[in-house]
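S.K.: give me the fold of what follows.
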Amino acid sequence: MKILVLGGTRFVGPHFVNQALARGHEITMFNRGRSNIELFPEVEKLVGNRFPDVDDGMSVIEKSIADGRRWDVVFDTSGYVPRVCRASAELLADACDHYTFISTLSVFSDRRVDVDEESPVSTLEDKSVERVTGATYGPLKALCEQACEAAMPGRVAHVRPGLIVGPLDNSDRFTWWPHRMAQGGETLAPGRPDGPIQIIDVRDLTEWCLDLAEQRVVGVFNAVGPASRVTMQEFLHGCKIVLGSENTFTWVDQQFLIDRQVSPYTEMPLWVPREDPPYGTAQCQKAMAAGLKFRPIGDTIRDTLAWSNTRAADHRWRAGMTIERETEILVAWEKAKNL
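M.R.: Presented below is the predicted three-dimensional model:
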């Protein structure tokens, strides 16, 4: 197949391109040419901007289409603003057969319930908003889905991942845990031991997206694993076993963490404060029926740590708690229990 990748230089994109090349597909990458430009020297690269009114916009693609160029598949990793997605999809509508849009589980209006593909999505009162924040990210992605579908009705696979993890993930929202566990010692375990976690290895996600493209599968899919429910306690003990580390776990009450302004998901990765009983997961049966498979979580833990260890020693962590902060909270928790 001939595949056009919109973006492709960070995390999800490189994994997808590597797998597509390994399967013998012909890749064209379109991006701003600013990040990781040394990647894939053998691949055709078109430089431009997704925003039609910035620099030359997508004129290089527009010219290629005017010259008769077309692709079998478009893989969109970089769509965040509805106006921009609409412009891209409308431009490419007559120049491709299949469009894969990487969306997010954040589109759902209420994540406190177990959502499936039919659950309501968030909306914006002011649909002209284009600034991506924690509050607007999900609604904007929902509008992006709608824009792509309107431009190519019945030809789009809308893939909604949860937390994407694995090698190359510089967000550190998962990477910090294998790193922390490898250090051993008393370890702060957040909130409820039975709180579920959901992640998807980037390699599982991109391999499956390529399968969808090859088979021209369309529709909306939640894409998050593991295949069966895993609790925070099971995950932490799994890290300990896989890494052979010597950790002891001190479970700290979630309200205690909230009172000390510990930020869920960032300062304390994977932790989401939950009510009793814990709930709020996404259903993934539809994607699994369409072929999505999950590697053992132990492989993800091991491979993520191996990649993380290749980074510079002075790497600045974007998520996770410092040892000093962790020790401070553990000491305070022990004192609070003894009052």
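
S.K.: for the closest residue to Val165 other than its chain neighbours, list the residues it contacts.
M.R.: Leaving aside its sequence neighbours, Val165 sits nearest to Phe174 (CB to CB, 6 or more residues apart in numbering; 3.7 Å). Where you see a C-beta, it was placed from the backbone N, CA and C, and this is true even at glycine. If you count contacts by CB atoms under 8 Å, 6 or more residues apart in numbering, Phe174 has them with Leu163, Val165, Gly166, Ile199, Pro269, Leu270, Thr304.

S.K.: change it to 10 Å
M.R.: Residues near Phe174 by CB atoms under 10 Å, 6 or more residues apart in numbering: 163-166, 197, 199, 201, 235, 269-270, 300-301, 304, 319-320.

S.K.: also Ala157?
M.R.: By CB under 10 Å, 6+ apart, the contact list for Ala157 reads 73, 75, 98-103, 148, 209, 212-213, 215-221, 290.

S.K.: also Gly166?
M.R.: Contacts for Gly166 were tallied using CB under 10 Å, 6+ apart; they are 11-12, 15, 174-175, 199-206, 295, 299-301, 303-304, 307.

S.K.: likewise for Glu275?
M.R.: Glu275 neighbours (CB under 10 Å, 6+ apart): Arg112, Arg192, Gln254.

S.K.: what is the burial count for the closest residue to the last one other than its chain neighbours?
M.R.: Spatial nearest neighbour of Gln254, excluding adjacent residues (CB to CB, 6+ apart): Gly191 at 3.8 Å. Other residues within reach of Gly191, judged by other CB atoms under 10 Å, total 24.

S.K.: quick revisit: just among the contacts of Phe174, which is most surrounded?
M.R.: Neighbour tally across the contacts of Phe174 (other CB under 10 Å): the maximum, 29 neighbours, falls on Val165.

S.K.: on that earlier part again, which one of the contacts of Phe174 is nearest Arg86?
M.R.: Arg86 has its nearest neighbour among the contacts of Phe174 in Ile164, at 24.5 Å by CB to CB.

S.K.: quick one: that closest one and Val202 touch, right?
M.R.: Yes - if you go by CB atoms under 10 Å, Ile164 and Val202 touch, sitting 5.2 Å apart.

S.K.: let me know the pLDDT of the nearest residue to Ala290 once chain neighbours are set aside.
M.R.: In space, Ala290 comes closest to Val217 once its chain neighbours are excluded; the distance is 5.9 Å by CB to CB, 6+ apart. Here the pLDDT value assigned to Val217 is 98.

S.K.: please identify the helix or strand for Val217.
M.R.: Per DSSP states H and E, Val217 falls between elements, in no helix or strand.

S.K.: can I get the CA coordinates of stretch 16-33 in PDB?
M.R.: Only the C-alpha atoms of stretch 16-33 are listed here, as PDB (Å, rounded to 0.1, in the frame of the first residue of the first chain):
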ATOM      1  CA  PHE A  16       3.600   2.900  12.900                       C
ATOM      2  CA  VAL A  17       6.200   3.800  10.200                       C
ATOM      3  CA  ASN A  18       8.600   1.100  11.300                       C
ATOM      4  CA  GLN A  19       5.900  -1.600  11.200                       C
ATOM      5  CA  ALA A  20       4.500  -0.400   7.800                       C
ATOM      6  CA  LEU A  21       8.000  -0.500   6.300                       C
ATOM      7  CA  ALA A  22       8.600  -4.000   7.700                       C
ATOM      8  CA  ARG A  23       5.400  -5.100   5.900                       C
ATOM      9  CA  GLY A  24       6.700  -3.700   2.600                       C
ATOM     10  CA  HIS A  25       4.400  -0.600   2.400                       C
ATOM     11  CA  GLU A  26       5.500   2.700   0.800                       C
ATOM     12  CA  ILE A  27       5.400   5.600   3.200                       C
ATOM     13  CA  THR A  28       5.200   9.300   2.700                       C
ATOM     14  CA  MET A  29       5.400  11.500   5.800                       C
ATOM     15  CA  PHE A  30       4.000  15.000   6.000                       C
ATOM     16  CA  ASN A  31       5.000  17.200   8.900                       C
ATOM     17  CA  ARG A  32       6.700  20.500   9.800                       C
ATOM     18  CA  GLY A  33      10.200  19.000   9.500                       C
END
